[in-house]
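> structure here, sequence nowhere to be found:
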């Protein structure tokens, strides 16, 4: 009889850039029952190091090792964005099995427009949906189960129902008080603060008007990016929770 894989107290949220993952992480910090780690994989690529609790990781493998070590002491939640590909993560089948990997999505038109506003030189791959889908499929292959996916539109339109469904799916208590918080820039956001200005002004999940469709439709390069990433988004959207 095959043994059940050992679980690890690591809850991961994977996201394409500009898909509202920072707001979700802000909610997780408000719960105060997990150590919240901000984008350790992408920070290693961008800045050469990342903090994981009281540890400093300087390679992707060191991030994986640090997450394991910290999770042995207390539950960890981390979120990361897929503007890079993480080969050590994809190769670490034990980590793919033992941690709880979840995903948040946003329609590529909106994500691309938001990304473009902050990074006008963005390239196709760093939009991230293809690499996000690769991690999703790697987790599904390693675990034999479909990972939890939430659509950030549901998070904005029905925050309580969506977070409640997420908590039930990953086996943590629902904490309604965590759906609101004080505005402000958190210390872990400082290195990438310009990307989190909008979240720093929030007090909860809420929708803002945007001009995503117009920006993308009016730019042939961005339209091409959207057309490339849309099938990957659709594949993930099929698996999304229906709160």
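That came through, no problem. Note that the structure is a prediction, hence the values are computed from the model and not measured.
> so for stretch 169-184, mean pLDDT?
The predicted model assigns stretch 169-184 a mean pLDDT of 94.
> likewise for stretch 95-112?
For stretch 95-112, mean pLDDT rounds to 97.
> quick one: the strands in the chain?
For the chain, the strands defined by DSSP state E cover 10-15, 35-38, 50-52, 55-57, 76-81, 100-105, 148-151.
> neighbouring strands for the third one, and are they parallel or not?
Strands flanking strand 50-52 in the sheet, each with its direction: strand 55-57 (antiparallel) (DSSP bridges).
> show residues contacting the partner strand.
Outside strand 55-57, the residues that touch it by C-beta atoms under 8 Å, 6 or more residues apart in numbering are 40, 44, 49, 50, 51, 63, 65, 66, 69, 70. Yep, even glycine has a C-beta here, placed from its N, CA and C like the rest.
> what segments of this protein are helices?
Using DSSP state H, the helices of the chain run over 21-31, 40-47, 60-71, 87-91, 93-98, 108-118, 129-143, 152-157, 159-170, 197-200, 212-217, 220-238.
> residue 175 against residue 28, yeah?
No - if you go by C-beta atoms under 8 Å, residue 175 and residue 28 don't touch, sitting 9.6 Å apart.
> the more surrounded of those two?
With neighbours defined as other C-beta atoms under 10 Å, residue 175 and residue 28 compare such that residue 28 has more, 21 against 16.
> show me what the least confident helix or strand in the chain by mean pLDDT is packed against.
Of all the helices and strands that make up the chain, helix 197-200 has the lowest average by mean pLDDT, DSSP states H and E, namely a mean of 80. Applying 3 or more C-beta pairs under 8 Å, 6 or more residues apart in numbering; DSSP states H and E, one finds that helix 197-200 contacts helix 21-31.
> okay, the angle between the helix it packs on and strand 100-105?
In terms of direction (axes from the mean of the first three to the mean of the last three C-alpha atoms, to 10 degrees), helix 21-31 departs from strand 100-105 by 130 degrees.
> what helices or strands is helix 21-31 leaning on?
Here helix 21-31 touches strand 10-15, strand 35-38, strand 76-81, helix 152-157, helix 197-200, going by 3+ C-beta pairs under 8 Å, 6+ apart.
> list of residues touching it?
With contact meaning C-beta under 8 Å, 6+ apart, helix 21-31 is reached by 13, 15, 34, 36, 38, 77, 79, 81, 104, 150, 152, 155, 163, 175, 177-181, 186, 189, 195-196, 199, 202, 205.
> which among these end up buried?
Among the contacts of helix 21-31, those buried by neighbour count (16 or more other C-beta atoms under 10 Å) are 13, 15, 34, 36, 38, 77, 79, 81, 104, 150, 152, 155, 163, 175, 178-179, 181, 186, 189, 195-196, 199, 202, 205.
> now do the contacts for the closest residue to residue 201 other than its chain neighbours.
With C-beta to C-beta, 6 or more residues apart in numbering as the criterion, residue 201 has its nearest non-adjacent residue at 5.4 Å, and that residue is residue 183. Contact analysis of residue 183 by C-beta under 8 Å, 6+ apart lists 200, 201, 202, 203.
> what is the burial count for residue 238?
Per other C-beta under 10 Å, the neighbour tally for residue 238 reads 9.
> all further residue positions should be reported with the first residue as 834.
Sure, I'll start counting at 834 from here, so that last one is residue 1071.
> how much space is there between it and residue 1001?
From residue 1071 over to residue 1001 the distance is 20 Å, taken as C-beta to C-beta, to the nearest Å.
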